[in-house]
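Participant: turn this into a model:
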Amino acid sequence: MTALLGGLLIVAIHILGALSSIMALMSSRTSQGAIAWIISLLTFPYLAVPAFWIFGRPRFYGYISAREERDSTLRRVLTRFRKQVEPFFARPDDPNGRIRTVERLAMMPMTRGNHAELLVDGTATFKSIFAGLEAAEEYILIQFFIVRDDRLGRELKQRLINRAENGIRVCFLYDEIGSRKLPENYINELQNAGVEVHQFGSSKGWRHRFQVNFRNHRKIVVVDGKRGWVGGLNVGDEYMGEDPRYGLWRDTHLQLTGPAVLGLQEAFWEDWHWATGEILGLEWQPLPAKHFDQFAVVIPSGPADLQDTASLLMQHAIHSANERFWITSPYFVPDQGVQDALILAALRGVDVRVVMPERPDHLLVFLSAFSFLAEMIRAGVKIYRYQPGFLHQKVCLIDNHSAAVGTVNLDNRSFRLNFEVTAYIFDDTFAADVERMLVDDLSRCRQVTLDEIIKRPLWRKLVSRAAYLASPIQ
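Facilitator: Predicted coordinates:
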């Protein structure tokens, strides 16, 4: 009897492997991914089947359903808000469709009347955010991937408590995986003061129990719909350079004022609706920034999109560059489309520079990059390693006319598994600010040479190639 049950179990697992391989064939985004899953599911179903159901789902289907529900309810509110923004819609000359493409990826209009202020480290970022919290008159929307119960985390908690006790509505969202070490008493103190706190979980409900590989990597703060913050910094002492393991922490955030803040607010609304089931009703009146008239648009991206928004946005930015494309990313394992775009840009004479950290905090991601750096360097892409500490900023500069600051890393997780957000600013003055910042960063870097890549020992090359095979789930 035991042998019979064992035999039936083996047959059932192989049948499940075959059925899962059909799902992989129909749902995988690339042929390489489909082939890899099918071979694994048919050959090693005992390991591959659970891995596929945890890591192989291409879309965040529960969020898609919630978005459809939102479209029938909250959409009326958002439509009214967007009508209020219509006087600020930007209509710049766009003969090559450069701006129109970004708008369509964002599903948001480009607006004018904005001001983007670059915040070049943790001190500047949280000084600006905390000042914004103190100035709130109606509501605060706040969302981070990582929130720690350390000095910075406790200061944020106390400021949110003070605001809630003064009658300001505070909605606080955090990712359940990124903030998994956040203690319960931290949440309880906020809730007891009247702060509305919820975690963003990917595996909510029985139908979506296998979606644990998705993350909400966004960092958004909105005050009264008038001012917003977005960028690379989370809430933790290491982001202030106070963790001896990392030393100096190089990161960048952005304060946005003007009608484009609606994009940050809408991204938060969608995430809040998924996490709580609540339609967040807020009154909002768009106001232009004083003394500034910058063009800006906010691009949310994530695994509920019909397209790979983050990857397409990056490829579009690279193809838009005529003179230079500079980018910084702590994790550099881009998909083939982005790799090819960088190489093509360098071949047509664009000054392509990629700035990465010298020291890793995720070893597999660090090793994976060595698999394709030689090809890029041969094509003319310049690779730099930041020396003083850990570089975590996500910034790109296109020619002298535009720049982007956000949460997207150049890896598969940001392109396809994480919810991300990017602020894209079309303005010469802002681009000049980003240029000055990146020139200073480059002065603290060393340029990677072709020799150091190709002369590595064989065992290191093998380890890098093996790490690169795991890049889809890193």
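Participant: could you list the residues in contact with stretch 290-298?
Facilitator: For stretch 290-298, the surrounding residues in contact (C-beta atoms under 8 Å, 6 or more residues apart in numbering) are 90, 92, 99, 102-103, 106, 108-116, 230, 256-258, 260-264, 267, 421-427, 429-430. Bear in mind the C-beta positions are built from the backbone N, C-alpha and C, glycine included.
Participant: so of the residues you listed, which ones are in helices?
Facilitator: Secondary structure defined by DSSP state H assigns Ile99, Val102, Glu103, Ala106, Val261, Leu262, Gly263, Leu264, Ala267, Thr429, Phe430 of the contacts of stretch 290-298 to helices.
Participant: how much space separates the third one from Pro92?
Facilitator: Right, Glu103. 11 Å (C-beta to C-beta, to the nearest Å).
Participant: how many residues are close by the closest residue to Arg378 other than its chain neighbours?
Facilitator: Residue nearest to Arg378 in three dimensions, not counting chain neighbours: Leu450, with 6.6 Å by C-beta to C-beta, 6 or more residues apart in numbering. By other C-beta atoms under 10 Å, 13 other residues sit near Leu450.
Participant: same check on the one 10 residues further on?
Facilitator: Taking other C-beta under 10 Å as the neighbour definition, Arg460 ends up with a count of 11.
Participant: which residue ranges of the stretch 301-450 of the chain form helices?
Facilitator: Here the stretch 301-450 of the chain has its helices, by DSSP state H, counting those that start in this stretch, at 309-320, 336-347, 363-368, 373-379, 412, 428-442, 450-454.
Participant: worst average pLDDT in the ones you listed?
Facilitator: Mean pLDDT is lowest for helix 363-368 among the helices of the stretch 301-450 of the chain, at a mean of 70.
Participant: surely Gln199 touches Gly178?
Facilitator: No. Assessed by C-beta atoms under 8 Å, Gln199 is found out of contact with Gly178, at 9.8 Å.
Participant: what pLDDT does the model give Ile187?
Facilitator: For Ile187, the model assigns a pLDDT of 97.
Participant: doesn't it lie inside a helix?
Facilitator: Yes. Checked against DSSP: H, G, I helix; E, B strand; the rest coil, Ile187 lies within a helix.
Participant: quick one: contacts for it?
Facilitator: Going by C-beta under 8 Å, 6+ apart, Ile187 touches Val197.
Participant: relative to Glu155, how far out is it?
Facilitator: In terms of C-beta to C-beta, Ile187 sits 16 Å off from Glu155.
Participant: again, but for Asp451
Facilitator: Noted for Asp451: a distance of 47 Å to Glu155, by C-beta to C-beta.
Participant: who's more crowded, these two?
Facilitator: Each of Asp451 and Glu155 has its neighbours counted (other C-beta under 10 Å); Glu155 has more, 13 against 10.
Participant: just the pLDDT at that one, thanks.
Facilitator: pLDDT recorded at Glu155 is 98.
Participant: ok, residues contacting the helix or strand hosting it?
Facilitator: Element membership of Glu155 [criterion: DSSP states H and E] is helix 151-165. Residues outside helix 151-165 that contact it (C-beta under 8 Å, 6+ apart) are 126, 130, 133-134, 136, 140, 142, 147, 170, 172, 182, 186, 189-190, 193-195, 235-237, 239-240, 242.
Participant: same check, this time on stretch 241-248
Facilitator: Residues outside stretch 241-248 that contact it (C-beta under 8 Å, 6+ apart): Asp121, Gly122, Arg151, Gly236, Asp237, Glu238, Trp249, Arg359, Asp361, Pro388, Gly389, Phe390.
Participant: give me the domain ranges for the protein.
Facilitator: Following automatic domain parsing, one finds the domains of the chain at 61-91+109-296, 309-473.
Participant: in TSV, list those domains along with distance to Pro45.
Facilitator: Converted to TSV, those look like this (distance: least, C-beta to C-beta, whole Å):
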stretch	distance to Pro45
domain 61-91+109-296	16
domain 309-473	18
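Participant: so which of the ones you listed is nearest Ala48?
Facilitator: Among these, the nearest to Ala48 by C-beta to C-beta is domain 309-473 (12.8 Å).
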